[in-house]
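Participant: missing the sequence, but the structure's below:
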């Protein structure tokens with residue numbers, strides 16, 4: 001057993017996971033380079049294939065709603081987005097009644113009030129809204145002069161030139177009318193008509209890229225639901241004839257490269273419930289999905305991208321901007337140069353700007369994780385697919401992480417105090433708590449369970465648990481240590497926000513988007529301010545509790561009173577051009593308005609009861625029994641109450657006032673006996689130590705499209721579980737590595753000497769109290785250093801010493817970092833403004849080449 005432990009050391013495990021992650025990434029890159037190269041923008045995937053994620057049985061009355069194109073996500077367009085895409089342009093449909101149905105679906109997307117009952121049955125129709133026009137030309141044989149005139153605008157070299165007078169999107173289709181009314185020569189006449197249309201379409205394409213151009217598309221011949229056709233139609237509309245027509249279109253598509261929207265027939269294949277009673281007209285949900293496909297083909301690359309990047313079909317991600325180029329250059333150029341300089345400086349102290357080996361390694365790990373996030377969620381290298389909630393999958397994953405936690409239960413090895421018993425809410429226990437809460441949140445996000453009310457409500461309690469620990473842990477620290485130094489505040493804020501501040505520059509998101517770090521930072525500052533004011537009187541319980549009440553009143557008014565948060569958020573907007581979502585932040589803070597204060601109160605009570613001289617110690621044992629009984633009753637009653645709320649919005653109104661019930665009940669029961677305090681789950685504790693990183697990185701390297709979808713490695717086509725397994729291992733491993741790197745980088749920024757900093761996180765909870773010097777101790781050490789140094793150095797050494805002292809000044813470092821972020825924001829805002837201006841000019845002048 002000992003030899004096995006030596007063989008499977010932490011270094012060996014780390015190397016194995018590093019190799020596995022590299023192999024997975026390499027395989028994804030190979031897949032993209034060799035298999036996706038013909039369809040880099042996923043236009044062909046959207047136009048040709050797809051599956052229903054919620055496909056019902058053929059005999060079911062349920063109509064599916066979630067269509068998944070291979071490797072990309074379809075966006076559901078809003079009227080304002082359609083207007084922005086087709087401003088002063090036209091969308092033209094020409095053909096029979098099946099094309100007219102698609103026309104009405106697009107028209108209703110543009111204008112939900114469009115009334116098709118007012119239009120004549122076999123006539124041309126026009127719907128206009130806010131400068132965008134949708135037209136339908138009734139021409140079931142595609143032989144009218146109007147259609148020929150419109151098609152001529154795409155003929156020959158005109159296809160790739162921009163002509164504002166022609167349709168931005170034109171869809172034509174026919175077939176059933178020829179089979180119904182042109183017997184016995186219907187097939188020949190239809191083929192002649194199609195050949196004439198095809199003559200104006202783009203020929204000889206070598207790629208399926210349709211981005212940034214006007215589109216002329218051909219609809220396949222609709223495959224009817226033959227069982228629903230009346231007897232008269234069955235005589236002329238036969239499976240053989242429809243199949244022959246579509247086979248001819250397939251030949252034209254394969255040989256000449258014309259664009260046929262084959263997904264129209266894929267949508268209804270084997271699903272008779274998607275047809276109306278006529279058998280040749282589709283239900284409204286199906287035509288709405290057809291409209292979505294057309295709009296995604298034309299508009300995804302047309303509308304300026306903005307997070308969340310959930311339009312991943314038929315689009316080209318933006319090339320790296322100024323900030324992203326800086327990040328990529330630093331990781332792939334500057335860091336290697338630094339490492340080379342340090343490797344050559346054997347026995348010689350390298351330049352001051354060259355970081356140590358540990359710091360360089362941390363920079364590399366942190367930087368590579370950010371770059372991986374960029375390539376995973378801001379390029380087409382990795383596929384993306386829609387979330388689809390299946391209750392059984394949620395149950396399997398939940399049972400899986402619970403089983404892992406139970407199997408890894410172990411005894412705590414290093415108690416906080418000299419006795420063998422662990423204290424109330426020990427570090428192992430809080431890490432375990434954060435770990436299983438994080439498992440629950442990850443499964444909740446991955447499976448898309450937010451629409452299920454009781455799961456959503458449980459996750460709301462889970463977030464409240466984190467904030468409870470924030471109030472509890474920081475109050476314990478400030479009360480016991482009395483350390484309100486700038487160093488303490490800066491250390492905690494840097495550690496919490498390092499990843500969440502870097503990612504927005506690389507991912508074109510905003511700081512508030514990664515809401516957990518801003519939320520915890522906000523409440524840390526509130527706890528700090530509450531404990532800092534009148535800190536000398538914190539031993540007075542009534543005084544501390546009164547401060548908490550006043551603080552809660554202040555924060556409530558600060559958060560909920562209209563205009564205050566808006567004014568605060570306007571400051572960084574005016575200074576640095578940031579755009580933070582005030583509504584989202586107010587919602588997050590208000591939802592857990594009181595639980596941090598509950599954590600602070602519990603911290604004070606814990607301190608008082610742990611004091612042997614406290615008058616409450618003798619009655620504590622009696623109160624504990626009643627507390628255990630009350631907790632055992634309150635916990636199930638709360639979940640009964642929670643599950644009986646009408647919906648999650650109703651529960652949100654109760655949540656700030658009742659979330660403390662399950663939290664205090666759980667904490668009481670979890671610490672009921674010495675055995676329960678002394679044992680913890682190793683797997684949960686491991687995840688708890690990197691829960692901040694897993695929460696943040698899941699947005700881009702586990703999920704995709706800024707959490708709206710899931711990352712698909714594309715190595716197991718159609719196998720959701722295989723993709724889940726392969727994507728999860730690198731995600732958890734990278735999160736674990738980034739947690740360690742963030743701790744190293746925080747210490748580096750703080751100017752803490754490496755010899756004095758083990759590879760642990762910055763102290764933020766009760767267990768860290770014994771390991772950090774107070775402000776008074778730090779001042780005394782500085783005085784001793786100043787006395788021992790004397791004034792014996794020569795002027796050159798004195799000047800170098802001054803420079804070193806300035807470089808190690810924490811406040812100066814923080815100012816430099818903030819100024820650097822400010823400059824990046826200003827420059828990026830200026831560059832974005834220039835790009836948008838150039839884009840508006842190119843919109844009117846741009847020409848295309850095949």
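Facilitator: That came in fine, so what should we check first? Computed from a predicted model, the values in this text were never measured in an experiment.
Participant: May I have the residues that are in contact with residue 684?
Facilitator: By Cβ atoms under 8 Å, 6 or more residues apart in numbering, the residues touching residue 684 are 405, 408, 431-433, 435-436, 439. Where C-beta positions appear, they are placed from N, C-alpha and C, glycine not excepted.
Participant: please redo it, this time with the cut-off set to 10 Å
Facilitator: The contact partners of residue 684, by Cβ atoms under 10 Å, 6 or more residues apart in numbering, come to 401-402, 404-406, 408-409, 428-429, 431-439, 691.
Participant: out of the residues you listed, which are inside strands?
Facilitator: Among the contacts of residue 684, the members falling in strands (DSSP state E) are residue 409.
Participant: which among the contacts of residue 684 end up buried?
Facilitator: Buried by 16 or more other Cβ atoms under 10 Å: 401, 404-405, 428-429, 431-439, 691, out of the contacts of residue 684.
Participant: just checking, which of those belong to helices?
Facilitator: Judged by DSSP state H, helices contain the following of the buried ones among the contacts of residue 684: 401, 404-405, 428-429, 431-439, 691.
Participant: Tell me the one of those nearest residue 561?
Facilitator: Comparing those against residue 561 with Cβ to Cβ picks out residue 437 as the nearest, at 31.4 Å.
Participant: how close does residue 340 get to residue 333?
Facilitator: Distance, residue 340 to residue 333, using Cβ to Cβ, to the nearest Å: 11 Å.
Participant: Run through who's touching stretch 77-85.
Facilitator: 75, 91, 106-113, 129-132, 134, 168-169, 291-292, 294-296, 298-304, 311.
Participant: Repeat the analysis, applying 8 Å as the threshold.
Facilitator: 106, 109-112, 129-132, 168, 292, 295-296, 298-299, 302-303.
Participant: Among those, which lie within helices?
Facilitator: Counting by DSSP H, the contacts of stretch 77-85 place 106, 109-110, 292, 295-296, 298-299 in helices.
Participant: Pull the most distant pair out of those.
Facilitator: 110 and 296 (14.8 Å).
Participant: Dihedrals phi and psi, residue 172?
Facilitator: As for residue 172, its main-chain torsions (degrees, to the nearest 10) stand at phi -120, psi 150.
Participant: For it, name its beta-bridge partners.
Facilitator: Counting by DSSP bridges, residue 172 is bridged to residue 94, residue 218.
Participant: same check, this time on residue 133
Facilitator: residue 90, residue 128.
Participant: Need the pLDDT of residue 338.
Facilitator: What the model reports for residue 338 is a pLDDT of 84.
Participant: What count of nearby residues applies to it?
Facilitator: Other residues within reach of residue 338, judged by other Cβ atoms under 10 Å, total 20.
Participant: and it, what does it touch?
Facilitator: Residue 338 makes contact with 354-355, 360, according to Cβ under 8 Å, 6+ apart.
Participant: let's see it at 6 Å
Facilitator: 354, 360 (Cβ atoms under 6 Å, 6 or more residues apart in numbering).
Participant: Same question for the strand or helix carrying it: list its buried residues.
Facilitator: Using DSSP states H and E, residue 338 maps to helix 335-344. For helix 335-344, a neighbour-count test (16+ other Cβ under 10 Å) marks 335, 338-339, 342 as buried.
Participant: Looking at these, which is nearest residue 580?
Facilitator: Within these, the smallest distance to residue 580 is 30.5 Å, found for residue 335 (Cβ to Cβ).
Participant: Could you pull out the helices in the stretch 701-850 of the chain for me?
Facilitator: In the stretch 701-850 of the chain, the helices defined using DSSP state H, counting those that start in this stretch lie at 720-750, 775-789, 795-807, 810-845.
Participant: where among those helices is the average confidence lowest?
Facilitator: Mean pLDDT values for the helices of the stretch 701-850 of the chain show the minimum at helix 775-789, a mean of 45.
Participant: re earlier: tell me the one of the buried residues of helix 335-344 nearest residue 810?
Facilitator: residue 338 (22.5 Å).
Participant: how close does that closest one sit to residue 137?
Facilitator: Counting by Cβ to Cβ, the gap from residue 338 to residue 137 is 65 Å.
Participant: Could you list the low-pLDDT ranges of this structure?
Facilitator: Residue ranges of the chain with pLDDT under 70: 1-8, 202-206, 345-353, 414-420, 612-620, 753-807, 832-850.
Participant: try 50 this time
Facilitator: Per-residue confidence for the chain (pLDDT under 50) gives these ranges: 1-4, 416, 418, 755-792, 803, 840-850.
Participant: Please, where are all the strands along it?
Facilitator: Under DSSP E, the chain gives strands at 51-52, 67-68, 90-95, 125-129, 132-138, 169-173, 215-218, 383-386, 409-411, 679-681, 703-704, 709-712.
Participant: Quick one: closest of these to residue 509.
Facilitator: Using Cβ to Cβ, the nearest of the strands of the chain to residue 509 is strand 703-704, at 13.4 Å.
Participant: So what touches that closest one?
Facilitator: Contacts to strand 703-704, defined as Cβ under 6 Å, 6+ apart, come from residues 377, 384, 710-711.
Participant: Pull the most distant pair out of those.
Facilitator: That would be 377 and 710, which, of the contacts of strand 703-704, are the farthest apart (Cβ to Cβ) at 11.0 Å.
Participant: Between these two, which is the more surrounded one?
Facilitator: residue 377 (28 against 24).
Participant: and the gap between that one and residue 715?
Facilitator: Taken as Cβ to Cβ, the span from residue 377 to residue 715 is 18 Å.
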